[in-house]
Every structure is written in C-alpha cells, then in structure tokens.
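Okay, sequence plus prediction incoming.
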Protein chains: 12
Amino acid sequence: MSRKSLGTIVVLHGPNLDRLGAREPRWYGSDTLEAINGEIRALAAELGFDVEIRQTNIEGEMIETIHREGSGAAGVVINAGAWTHTSVAIRDAVTALECPVVEVHLSNVYARESFRHRSVLEDIVTGKILGFGKESYLLAIRAIRAAVERKGPTS
Amino acid sequence: MSRKSLGTIVVLHGPNLDRLGAREPRWYGSDTLEAINGEIRALAAELGFDVEIRQTNIEGEMIETIHREGSGAAGVVINAGAWTHTSVAIRDAVTALECPVVEVHLSNVYARESFRHRSVLEDIVTGKILGFGKESYLLAIRAIRAAVERKGPTS
Amino acid sequence: MSRKSLGTIVVLHGPNLDRLGAREPRWYGSDTLEAINGEIRALAAELGFDVEIRQTNIEGEMIETIHREGSGAAGVVINAGAWTHTSVAIRDAVTALECPVVEVHLSNVYARESFRHRSVLEDIVTGKILGFGKESYLLAIRAIRAAVERKGPTS
Amino acid sequence: MSRKSLGTIVVLHGPNLDRLGAREPRWYGSDTLEAINGEIRALAAELGFDVEIRQTNIEGEMIETIHREGSGAAGVVINAGAWTHTSVAIRDAVTALECPVVEVHLSNVYARESFRHRSVLEDIVTGKILGFGKESYLLAIRAIRAAVERKGPTS
Amino acid sequence: MSRKSLGTIVVLHGPNLDRLGAREPRWYGSDTLEAINGEIRALAAELGFDVEIRQTNIEGEMIETIHREGSGAAGVVINAGAWTHTSVAIRDAVTALECPVVEVHLSNVYARESFRHRSVLEDIVTGKILGFGKESYLLAIRAIRAAVERKGPTS
Amino acid sequence: MSRKSLGTIVVLHGPNLDRLGAREPRWYGSDTLEAINGEIRALAAELGFDVEIRQTNIEGEMIETIHREGSGAAGVVINAGAWTHTSVAIRDAVTALECPVVEVHLSNVYARESFRHRSVLEDIVTGKILGFGKESYLLAIRAIRAAVERKGPTS
Amino acid sequence: MSRKSLGTIVVLHGPNLDRLGAREPRWYGSDTLEAINGEIRALAAELGFDVEIRQTNIEGEMIETIHREGSGAAGVVINAGAWTHTSVAIRDAVTALECPVVEVHLSNVYARESFRHRSVLEDIVTGKILGFGKESYLLAIRAIRAAVERKGPTS
Amino acid sequence: MSRKSLGTIVVLHGPNLDRLGAREPRWYGSDTLEAINGEIRALAAELGFDVEIRQTNIEGEMIETIHREGSGAAGVVINAGAWTHTSVAIRDAVTALECPVVEVHLSNVYARESFRHRSVLEDIVTGKILGFGKESYLLAIRAIRAAVERKGPTS
Amino acid sequence: MSRKSLGTIVVLHGPNLDRLGAREPRWYGSDTLEAINGEIRALAAELGFDVEIRQTNIEGEMIETIHREGSGAAGVVINAGAWTHTSVAIRDAVTALECPVVEVHLSNVYARESFRHRSVLEDIVTGKILGFGKESYLLAIRAIRAAVERKGPTS
Amino acid sequence: MSRKSLGTIVVLHGPNLDRLGAREPRWYGSDTLEAINGEIRALAAELGFDVEIRQTNIEGEMIETIHREGSGAAGVVINAGAWTHTSVAIRDAVTALECPVVEVHLSNVYARESFRHRSVLEDIVTGKILGFGKESYLLAIRAIRAAVERKGPTS
Amino acid sequence: MSRKSLGTIVVLHGPNLDRLGAREPRWYGSDTLEAINGEIRALAAELGFDVEIRQTNIEGEMIETIHREGSGAAGVVINAGAWTHTSVAIRDAVTALECPVVEVHLSNVYARESFRHRSVLEDIVTGKILGFGKESYLLAIRAIRAAVERKGPTS
Amino acid sequence: MSRKSLGTIVVLHGPNLDRLGAREPRWYGSDTLEAINGEIRALAAELGFDVEIRQTNIEGEMIETIHREGSGAAGVVINAGAWTHTSVAIRDAVTALECPVVEVHLSNVYARESFRHRSVLEDIVTGKILGFGKESYLLAIRAIRAAVERKGPTS
C-alpha cells in the first residue's frame, strides 16, 4: 500500500507467553501466540502502522528491546506477563519512553491471585486494557491510533 | 438503518461526570459529557447497537438503572467515578448481570491518589479500560462488540 | 385481634434486596422479598407486634426512615445489605435509637469475600443473626420479643 | 412424650462458662449455666429434639465430644467462649461435621475488645447468633429446627 | 442594609445533622440545627455576606448543591458528617471549587472512634476547624471573611 | 483599660517557629513571628484577655511552661510544630491542664507529608484549627473567648 | 507461728516450667522449679501469707485452679509461660479475680522472639515483673504484701 | 532381629488426627491413622529404629510426651496438626529437644487457608516435609536415618 | 540396565547454586553441586528413573527448561534458590506442569531472614522438603517415586 | 552507719514526674515525687546503697546524667515517662551501661493508650516492673540488691 | 594560609557521640570524637574550607545551631545519631537550609535494629554516606567539595 | 607506573545504566556511562588500583561476574539499579564476597518513589553512598582505598 506509514508500533510479550494455547486455557484462551500476532499485524496494517513484535523469557532482553526499538516508536504495547508485578528494571526502561505506552493483559488479573493485582508499570503508562483475551491487544493498537491522530504521525 | 440491532448497550456515568469539561481538565480533558455521549452513540450505531446512556449523582439511582436496564442488555459500560472505589452496593448490583460488563475510566487512575487504585468492581467485570480519555468509552463499545460477535446477538 | 399491640417493629431492607429471588440464589435463596415479608408479618402478628417494612436503594431514604419510624419503635430489624460494610451515616442514625436493634444477614457473610466480614453496625446493635436465609429475620423478630418481655411493652 | 424425636442437638459450652452468674455479670447476665441449660432442655423438648449438653475447660475434651457426639447429631450449638478466637483445632473438628452448626455468644462480642471480633469458626458454621444473653442459645435451637424442617429428621 | 455584599457563603450540613439536639447530646450539644443556622445567618450578615444553608441525607443532593451553588460562592463551609470519612464522590465535587472551603465538625472527632479520624476532604480544603460545637461554624465564617479580605469581594 | 481581665491566654510556639518569614514561605507565609504575636496581643486585648507568648526549640522548656503558666490560665493555644507528631511528653503535660486548649497549625498539615497527618495532641485538646496561616491563631483566641463566655472568667 | 495469716497467695506456673533447670538455662537459669518454690514459700511465710503453688501443662487445669483457688485468695502470682501470649481463656479466668494479680516472667521476654512481646494478660493484671530470674517471683510476693497492707488482710 | 537398634524415633500426631480416613478426604486421603502407623513402624524397623507413636487431642499431653519421650530419642517426627499454627507451649517443649526433629504435614498447607501458612515450629526444627500424604511421615523417618548416619547411633 | 525406565525426573538448580561448597557453608554444607548431582543420579537410577539436571543463573533459561523438559517429565524437583521468593515468572511456568513437582531447599529457610519465609511456588507444587542439606533432594526423588507408583509410569 | 556501701543506685525520673500528686491521680496516685524519693532513700540505705536521684524534663539532661552517673553505678532505676515510648537517644545512652538497669512505671501502662504499650528500652534493660505505684521503685531497688548480691559490691 | 576560603562547612554530631571510643566499639570503633574532629579539620583545611564542629545531647541546641550556623554555610555534614530516626523538628530545621547537606553514619545502620533503618532526614538531604566509620565524615567533606566546585565558592 | 597495584576494584553497573545521559536527566544527570567510567578509571589509577567495569541488563550475568571477578577483588562497587530493590539472587552472590563492598546510587533514592527506599543489599554491604551523581562512584573508590589501607594490599 502506498499510504505513508504512521510509524512503528512495538508489541512486547513477556515470559511464558510463547506457551499460549497450551498454557492454562481457562485464563488465556486457546489461541497460539502466532495466531494473535497475525491479528495484531493485520489490524496495525489496516490502521496504517508498521509493527515489531517480540517475545522473550529473559528480562534483560526485554529491557534492551525497549531501549533499541522503543525510542523511535509511534507507540508501545506491552504485556509484561509475570514481570508486570515484579520488574522495576522494566519499569525504569519504560519510563524513558516518550511515545504512548499501553499495558495489556489477556485475562482479568483482578479476578485472580492477589499478587497479580499490583502492577509496577501502571502509573507510568498511558493507559491499561485487560480482560478481553486477544482483543486486549487489538484495542491497544486502536488506542495508539487515537493518540497518534491527535498528534499526527511521528515521522 | 434497516439492519437488525445487536441489542442495547447501557452506558453508565457516575457522580460528578455531569461536570466534565468544567472539572479538572488536567485529568479529564475538555470535552463535555454531551460531546462524549455523541461519539458513543455514533460508534454504537456504526457497530449495530442501540444505546442507553445515564448519568446520576445518586448511588441508588445507578443501582436501579442496573436492575432495570442491565438485565436485558447486550453489554454494560460503567464509569462509576468515585463510587468505583467505595460502593459495594453497586458491585452487588453489577454482580447480578449476565452480559459483558466493561469498567472504564477517563484518566489513568493509577497515576493519581492511592485511594483511586482500588476498585470494588474490577474482579467481577469482564475487563477494564482506562487512561485514554473519551477513547476509553469507545474502546469499551468495541470490546462488547467483540464479545457479542463470539456469541451472536442477544435478541 | 383485640390483644393490645406490644408496639411496632421496623424492618429495614437495604440495597439490591428488591432483587431477591432473581439475584445470586447460591447466597440468597430463591424466595422473593415479598414472600419473606409475608412471613415476617405473620410471625410479628402472632407475637403481638405491628410491623413496618421498608426497602430502599438510596442510603438517605434509609437514614430518614430510621429517624422517623425508629424513634417510637419497639424494635428495629436491619439488613443493611452492602451498606453494612461501608455506611457510617447509617451507623450514626442507628446509634440514636433507644429500642433493641438486630442486625441480620441472609447469607453467612463470613464465608464470603473478606470485605463482607466487617460491619460498621455490629458494635452498636443489640445483637446479630446471620446465615439462616429468611429464618434470620424471623429469629430477629423473636429476639425483639424476648427483649420486650423483659421490659414490658413500649406504649 | 410419644412423639418421635427429630434427633439430638448437641450444645457445647467452652471455658469459664461454668462460672456464669458469678463472672462479669455486665457482659454475661446473672443466670447460672444450670438455669440456662434448663431453658435449653425445655425448648428442645417442645420442638421435638433430644439434647446433649457439655461444658469443659479443656480444649481436647471439646474436640473429642465433637468427634463422638457430633457425627450423628441433628444439629450442634457451640459457644466456644475464648477458644472462638484462637482454636484452629476446634475449627478442624467442627469442619468435619455434616449437620447444621450454630455459633452463639451471650454478649455482643463486637462491642468488646478487638481480639473478640475475630472468630476462627465463623466461616465454616451454618450461621451465627450473638448478643441476646441466654436467648442466643434458644434462638439457635429454633434455627436448627428450621433447618431440620427443610430436610426432615435425621433418623 | 445598603452595604454591598461580599458574596455568598454556602453552608452544607450532611447526614443526621437534621436531628441535632435530639441526637447524642454528649457529642453534639443540645442546640437544634435551626438555632445554629440562626447564629450562622446573623454572623454572616454582620460580616457582610449572604448565606445559603442546606442539609441533606442524600449524598447525590450534596454533590449537586456543590455543583450548582459552589461555583459562584465566596466560600463554602462543609460539615459532611459521616460522609467526611467515606465519600470520595463529595471529595471530587469539592475539588472542583475555586473559593475557600472550610471543613468543620461540631465534636472533636479525634476523641472518638478511630474511623472518624480519617477525612477524605482534609487535604483538599483550605483549612479545618473542629471541636468547638456550634462555634466551629462561626469560626469558619470568620476564616472565610479573612480569606476574602485578602483578595477583595467576589462580585 | 479599667475592664476586668477575663484571665490569661497562654500561646505556645514550638520548634523552628522563630524562623517564620524566612522558612519555607510556601507553607508558612511571609509574616514574622513577631508580627503574628502583635496581632495575637491586639485581638486578645480587644476580647478582654491578658496574654503570655512563648517560643522554644527545647521540648523540656515547653513542658515546664505548660506546668508553670498553664495551670492558672483561661486558655492555651498551642502550635507544637514538629513535636505535634512525636512528643508524648508534651501530650502528658497538656493532659494535666483544666482550661480549654486549642491546637493550631499555620499550614494545612493534611496537604503535606503523611507523617504530619498524625497528632499526638488532637484527642486530648478541646479543638483544632489549621490551614488559615496566622488567622489560625486569631480564630483560636476567639474559640477560647467563646468557651470562657459559657463558663464566666477564671478569676 | 501464732501470727494470724494475711491470707493465701496462689502461685501459678504454666507449661514447660516443670522442666526448669534442664530447659534452656541461657534464658531460665539453672534452678529447678522445686528450689524456686522453696524460696517462694519461705518469703511468703516471712511476710505472713499462706501459699498454694500449682504447675500444669494443661490449660484447662490452670483455668480450674484459678476458679477454685483464686476467688478467696489474698493475691495471685501467675507465670503463664507460653500461654501468656495466646490464651484468651486464661485471661477470661483471671479477669474474674478480685484480688491483686501479678504477671511474672523469669526472663526478659522483650529481649527474645517478637511473639513473646505480646501478653494477653498484661492489661488486666495489677502489675508485671520480669527479667530477674527466680527473683521475679519473690518481688511479686512483696508487691502483693504492699497491696494487702494498704487494704488490710482478706480474712 | 539381632541387629542393634539405632535408638527410638518418637512420632507425634496432634488434634483430630485420630479421625483420619473419616475427616476431609480431599485433604487427608482415606487411610486411617492405624494404617499409617503400620507403615511407619515397618519402615522404622527396616531402617533399624524402635518407634513410639502417640496421638492426643490435649495440648498438655503432647507437651508431657515431648518432655518424657523426647529427651532420649534418636529423632522426633511431629505433625502438630492445628497446634502447628498456634501453640507456643509446644514450641517451647520442642525447643528443649537435642535430637533431629522433623515437622510433617499430610496436605500441602500452603494450598489451603492462609492461617495454615504460619508454623510456630518451623524455625526451630531440623527440617520440614509436607504435601505427600502418608508418604510425608515415611520421608521424615528416612530424613532422621540420614541425620543419625552422619552422627552414629544415640545409644 | 534392561529395566524399563519409569520416565525422566528433571532436577532444577537456581542461581548461585553453582557455587555450592564455596558459598556460606554454615547454611549450605561443604558438598559441591557436582557431588550432590552424583548422589541424585545414583538414587534416581536405583529407583528406575532417568534424570536431567540443570543449573542456571538466568531466570529465562530456567523458564525455558521448564517449558521444554518439564512437559513430558515423570516429575520435577526444583530448588529455585533466591527466585523462590520473588519470581512469579517461574511460578507461571511451573503452574503449567502436569507431573508431580517437589520444591526443595538445602537449608531450613524458616530459620533465616524473614524474606526467605515466603515462597511464590509453595501453593502450586505437590509438596515441599527443606532443611536436610543434600538429603532434601534425595527425599524429593523418593517422593516422586511414591507418586509415580500410585499412578504407574508416564511412558 | 559504719557499714561499707554496696555502691550507688542512680534513680532517674523523666518528664512531667515533677508534677506527681497534682497530675492525673487516677493513674499516678497522690504521693508527691518528694515523698516517693524519701521512701526510695530509706530503702536504699536499709539495703546498704547510696542513692542519686534526678528528675528532668529535658532529654539531653537525662542522657548526660546517664553518661556521668551511670558508668560507675551499682544499678540504675529508670522511669523515663513519655520518653519510654519515643527516645532512641536515651536507649543508646542506656545501652552503654554495664550495671543492672531496671525500667519502672507507676501505672500499668498496658491498661492505657496503645502508644504506651511500646517501650524502646525494654529489650536492653535487665528487667521491668510496673503497675504498683510508688512500690514499683522500691521493688526495683530490691531487684538491684539481689543482682548485686549475686556478684558482690561494685567497690 | 593565604588561599581564599571556599566557605565554612558545619559538622553536627548528635546525642551520645560525645562518648565515642567508650561506647559500643563493635559498632562505632575506638576513635574518640576529638580524634575524628581532628581528621575532619585537617581534610577540610586541605580542601580549602573553614569548619565549625558541634556536638550536643539537646535537640533544641542542634536546631538552633542549624538556624544560626547553617544559613551562611558552604555545606552541612550531619550525624544526627538517634534523632535521625525520630526528630521531625531537626528535619524541619534542615529543610530550610539552601547549601548541600550530607547525612552520615559511622556504622551501617541497615545491619542493625530495624528502627535504625528509617531516617526522617534522608529524603531532604543531598546525599547519604554510611558504614565507613570515621571515613564517612571525610567522604562527606569531599562530597561537599565536589558540589561547591560545580557552583563556585559561597563567598 | 611501576608502583605495585593495591589490587583490582570491580565496578558493577546494573540495568538501564547503559542509557545514562539519555535517561531521565532530572535524576541521573547528563553524563554518559562512558564519561563516568573514565573518571572512575582515572581515580582508581591515582589511588593505586586496577579496575574492572561491567554493565549488564541481565541479572544472571551480574551474578556470574560477581562469582568470577569478585572473589579475588580488592573491593566491589555496585550500583545494582532497579535490582537493588528486588534481586535476592544478587544479594546471595554479594553475601559470598569477602572484600569491602560499597553500594552506590547516582540519585537520592529516598527522595523518589517509596519502592526505591528498600534495598535488599544494604544490610550485607560494608557501606552505602548515594545522591551525589557520578561523585557517588568516586567516593566509593576512596572508601575502598581507606579500607584497604587499614588492611594492606590484597596481593
């Protein structure tokens, strides 16, 4: 498509999300990560964005992706998984970002164990979307689109 | 439009939201409630829903609206405002609903006073969207659409 | 019946109790509020009392009923529902009563969420009965009868 | 009386209750335990129950009574006194019972020291009655009668 | 009086204050609300203010009075009664005011139950006066006069 | 003036208040302590009181002033500064006073650091006034006048 | 000795104190319980008291000793050992006593594990002596003597 | 068997364990205590130990068994049941033991109510084994064997 | 050996365990990790299992080992070291396992710093063994054997 | 008396104790400090000690007295009054003492406000005596005598 | 020396530091305060500063020194000793300073009792140095030098 | 330089410190990590040390560096960044070190979010320096020099 891109959205998947589909379908549904990534790519393209998607089980790799990919991004969508509740190091990396950042969760973390109710990211992100399964990611892409629209494209 | 409706989405605005635009624009933006309601109605119609919108400053009125309008609804979008943090009575009313319920907030409540970090609704709703200003409501309408699509229309 | 009344018992039902029967039968049983009120009236009459029964979803209406009906009453039976856990205003209204007051709950609130374990009324009422479904109300009527017997009728 | 018994209600009195009448009449009234037991026996007979009443100051004896008498009972009324607040061992014994169990207290424990507000039994019993002096026991007998009526006699 | 008014002071009385005189005289004294209102009116007039006084037992009515009367006021005196300790919704309404706001209490709330020690208003009002009975209101009127003097009248 | 004095009001200023004017004008204003003391003396005289004013940075000196000056006083106005939050020893000295005692603060301590929200004096004083700058002291003098009027002069 | 007795002091030793001498000499010293009891008897006789000493490892036995021996006693000295920290049942038994009661500990419990810092007896006894080894008991006997002197002998 | 015994292992079962098999099979399995004791005896014999097994519902009896049997033992295996969470008195008795002590639980106490997560014994025992049903006891016997092997037999 | 294997046990060692022998022998003993692994291999072979042993200092590597090796395993033995107390990400990986999982610790973590008393794994594993040094691992192998025996081999 | 002194006991009275007799007789009795000091001197002389008694309302003076008088003393008796609950500086001074130190209180502090239940001295003193009025001091003198007897005089 | 001074560094020693060398050498080392002051003076001179050193055991004296000496100083080094953990009054005095302020401690306070872990100064000083014995002061002098270098001398 | 080295100082930089200069200059200043490392190297050389500097975003790499480089080092300077607050695994690695370890922070962490006030390293390091920007590292090098001087060089 010849339309000028609105920039790149970086989508970050944290630990254990490579096991989606196989892992606890009660909470996470039966879609695989690859299927979800496909829908993210399709919607991003439809809304005019390029997209970079990364999954890692190593905290330091997520930090470095945020450093490297996050600085020029149009927006960041982050599902930090279990690190949401514990990783001040990822928080510090996110704090340095200047674009809109959306925290997402597949499940409604507030209907689960109490240690999942606390997020070390939530007060520094733009907003938070949770509980809608894979739709949480798609709504986050739309939320970034709305933010970008108010400001114009980043490049 | 001759297309069959997917049912009715009930949108509930809690206390002080009648003052939007005038009240603390740092947190809530400068749109009036009426302007936001207009966008909600437009998107709902576009997605095939009827919509009922209510604002009240009296807790008992919100409870009775939930009783009366909520039972047959396709979905409920609730911004309970300050009651989010305190009203077990509204929680009890919401618990009885069977359709998808989305909790929304205009501002990122986690970036504000600590008493706003706790929601008495969050563990019983389907999902939660916050921090995107008026866009929070629009994303919630889309979230209900996605849920209905998976199940078919309610009537 | 020509027997002189022992006075009036005021029975107060708080928020959402108008939905009994329809709402969470696991906790509240399948009797409607009207059916329960019928049994309350029958037992009160059998024990020699007049009875006034009120349900409201508006905290201020319960406060005003306590002011108006509670001052001359032989006893008060109060199921404040969700307000049990939060309403200092109702507590203040109850504190001013001079007759026996019985706090009742349909379900065993201690077997439910921890926020239901705390009552702002419990230390100022005469006693508390909970967990027996509609029987909780009937036992409360008997408890007031026993209290009145020790002191004689109020009028 | 030739009427078939509805089964046996076991009434358990915990530590220091052998001193009723002599001990802190402000909280416990001036009736002796024997006088209260007499009223319990009379009401139980009137309602069609046999009754077994035990008082002990030794926790292990109460546990063994629950094991031995509680298994075949129609209902259990337990005033565990100070153990209410501390004895997980009695809780474990009560948990194994299958009949209705009613926790009772003579005084309104919520109007007293804060350590009396916590009960280790309250979430596993059928219901709880407190604050009505000796009447608390009599209401408990009636509560068991109502429960049995719904299910029919145990033998 | 021909002297130009310094503007209007809005005086708000919360739940149960309509029962002053009858209710717990140990804490609240024996003056009725009407008598206190008379003294408020007299002092306000002497200091050059118009005055609007409202009592309500319904939280939503107090919120709406704050919205409607508070915006143009020279000052607001608020005794939110029990809502002082619980109502984030009233806090949100007060936060939007631009004139001086004085929180008052008849009794010394710190010499009473611990749940009365917490105010959800105290960090957003101009100042706080408590413990002097009806005099608390009169001192609040004077406090607003001093604030207005520093800035000149509002109209 | 030939008018008989209503007795002596003791005004106590705690640590660091000798630096008023120079210290954190955001919270404390730009008046010096001497200027404030002048206004206190003028109002006290106008209302018929003698006045004794003391500032100290040494806790033991404030305790001894309370012992020596407080016993015969018509009233005490105390701004214990930082000791408000920590000094049980000053609390013990104040507890022994029989005249009205008013706790005052220049700033609204509840809008500041959380350790300033706790006062070890607040439950034993007559009342508390805070947030009105130097006016807090003047309102306290009036509060004592109102208390004395109800009881007549102390000598 | 022909001197009339000042009454009986009851000395109560709680669980594990039968092992004194063998058990943790770092905290409890190397005297056996029998040796300590000998010194208690000698001092009590010298000061004009009869003495009853009991050790038990069964909570119910201590309760019953308090019931039986405590009612007519001139004073009670109680080292409840580990029950000091947990037994509300013993507290309830002690509460009913009318004579002076002294809580004693051999070791300085505040220099040990934090769960030993809390006593469920301390607010209802006359006084508390701890940290002086066997001397703690002897000082307690003297404390009772001083109390009795102020009131005269009990018989 | 002519082989010299490695000494005696004392196995202690606390309250309600006499009801194994009948009580809550979800947590405790369907083996009776006698069946488990049989397996314990067989393994102990195989590994060269004598064994003493005691069950009691009376805390003081467990304390006295620890005093009497524990001092000369090769090892102690203790399942204190509900007392694990509350009995400082048993802790004090165990503290005096010099042989290896193993705390065991049939069920995984950490997957149950939060009050079962705290053990007053855990910091003073050698080790802890839990969650394997009757196998927990057998592993404890092996753990003692391993400890004895490192030190040689006790007699 | 021609005997059919009962399947593979995966043994996971967390951070710093590569330094065993050199590191804090007071807590961890003087055996090296290689020596312990040798004993684990010998016992596993004796009991009929294959065994896979992994040590890592990188959380993400442990997560990936659990994903890859854990799914087909007969059992998992996990000493997560310091991550026991902090890593929700490892917890999430373990939660997805279907075989028996045993949490082990060399030292008695409850006799050490309080932050070691909390395990984020303990409520989701089958059972827990701690305090027996290297023997903790060997008992864990036996615990898995007992579990497998009840169910038969996995392949 | 020609008998050689056993050394000097230093008795320290903290803030507000100069007001004894006048201050809150409910808690502190009606003896003046001078009368109590007389009894302390008499008993100390009888037991063979010299005595130094100091009262101060200034924390720094008590610290310096401890430095100067405490180092060579046979024992120290300290009633730190309100500083008991707050002064880490006095704690640090007391920690450096090598002789027996006894913490005393006139009243039973555990029957009073909860902030009086905490002592910053209690874990570093030899022992603690409280609740016996002036007798608390006299028992403390005896406790020091017993300690000295075990060790012989200090000079 | 003819070199122009960079201004005066004020060094403040709090309570009990006059006893250095004699007091708890385990934590504080064996240097006397005078020896440490000598090294401070030597380093300050070498770096071009005048120096004022004060020790006091009276909180009010430290406050007044901060008022008097601190306002014109180039930097302040403060070891507030025990007041570090308790004195809001010293905090308020320090807050008013405009020069760099360094909090120092001789010992590593975090390796000691938990009440020493909290500092009421730490969030308002420039930085904090602790655990290096007398070297802590010397490093603080260097830290002030570095700060002054960035800004130039104060006079 | 021919002078013999005093040994090697290992300097460890934790997560996100590779972004210094770009990241939140309000807290961290505008120097890059490379510039700071240059100053560290220069000062270390001047004081006679070799220096090894490592930055990593992967916790396991820092642990392994501590294992490998830390054992023979003359001293360790560690800025663990966000891991300071969370990583028990790094704490365990540091605990095994025998040389002086200095914890440093660029910013005054106590003036920032409360989760930054807690360090899991602080009680096991030699000392702590914070708040002086890059100077914090240089002071740490000096602190190690002072420690080494007292003991002589490590090789």
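Thanks, I have the structure now. Numbers count the residues shown, from 1 in each chain, chains lettered A, B, ... in the order given.

Which residue ranges of chain A form helices?
For chain A, helices defined by DSSP state H occupy the ranges A:25-28, A:33-47, A:59-70, A:88-95, A:135-151.

Relative to J:Thr65, which of the ones you listed is closest?
Nearest to J:Thr65, of all the helices of chain A, is helix A:88-95, at 47.8 Å by C-beta to C-beta. Bear in mind the C-beta positions are built from the backbone N, C-alpha and C, glycine included.

Could you see whether chain L lies near the closest one?
Yes - contact of helix A:88-95 with chain L (C-beta under 8 Å from any C-beta of the partner chain) involves A:Val88, A:Ala89, A:Arg91, A:Asp92, A:Ala93, A:Thr95.

Setting aside sequence neighbours, what's the nearest residue to the residue of chain A found nearest chain L?
Ranked by C-beta to the nearest C-beta, the top residue of chain A for proximity to chain L is A:Gly60, at 3.3 Å. Closest residue to A:Gly60 apart from its sequence neighbours, by C-beta to C-beta, 6 or more residues apart in numbering or on different chains: L:Ile58 at 3.3 Å.

That neighbour: what's it in contact with?
A:Ile58, A:Glu59, A:Gly60, A:Glu61, I:Ile58 (C-beta atoms under 8 Å, 6 or more residues apart in numbering or on different chains).

Do you know the pLDDT at it?
With respect to pLDDT, L:Ile58 scores 98.

Could you report the separation of it from K:Val94?
Per C-beta to C-beta, to the nearest Å, L:Ile58 is found 40 Å from K:Val94.

and if you look at A:Ala143?
A:Ala143 is 45 Å from K:Val94, by C-beta to C-beta.

In terms of neighbours, single out the busier of the two.
Using other C-beta atoms under 10 Å in any protein chain shown, the more surrounded residue of A:Ala143 and K:Val94 is A:Ala143, with 26 against 23.

Hmm, A:Val101 and the more buried one touching each other?
No - with contact defined as C-beta atoms under 8 Å, A:Ala143 does not reach A:Val101; the gap is 10.2 Å.

what is in contact with those two at once?
By C-beta under 8 Å, 6+ apart, the residues touching both A:Ala143 and A:Val101 are A:Thr126.

List the contacts of the worst-scoring helix or strand of chain A on mean pLDDT.
The helix or strand of chain A with the poorest confidence is helix A:25-28; it has a mean of 72 (mean pLDDT, DSSP states H and E). Helix A:25-28 has contacts (C-beta under 8 Å, 6+ apart) with A:Leu20, A:Gly21, A:Leu106, A:Ser107, A:Arg112, A:Gly133.

for A:Met62, what are its contacts?
A:Leu12, A:Gly14, A:Arg54, A:Thr56, A:Ala80, A:Trp83, A:Ile90, A:Ala93.

Make a PyMOL selection of the buried ones in those residues.
Buried residues within these, by 16 or more other C-beta atoms under 10 Å in any protein chain shown, are selected in PyMOL with:
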select buried, chain A and resi 12+14+56+80+83+90+93
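
In strands, which of the contacts of A:Met62 appear?
Among those, the members falling in strands (DSSP state E) are A:Leu12, A:Arg54.

can you list the weak-confidence ranges in chain A?
Low-confidence segments of chain A, defined by pLDDT under 70: A:1-3, A:23, A:152-155.

now for the contacts of helix A:25-28, which pair is the farthest apart?
A:Gly21 and A:Arg112 (18.9 Å).

Would you mind giving both backbone torsions of the residue nearest to A:Gly60?
phi -110, psi 120 (degrees, to the nearest 10).

Return the distance of it relative to chain F.
Per C-beta to the nearest C-beta, to the nearest Å, L:Ile58 is found 37 Å from chain F.

ok, back up a step: with respect to H:Val148, which of the helices of chain A lies nearest?
The nearest among these, by C-beta to C-beta, is helix A:59-70 at 44.4 Å.

Noted, bye for now.
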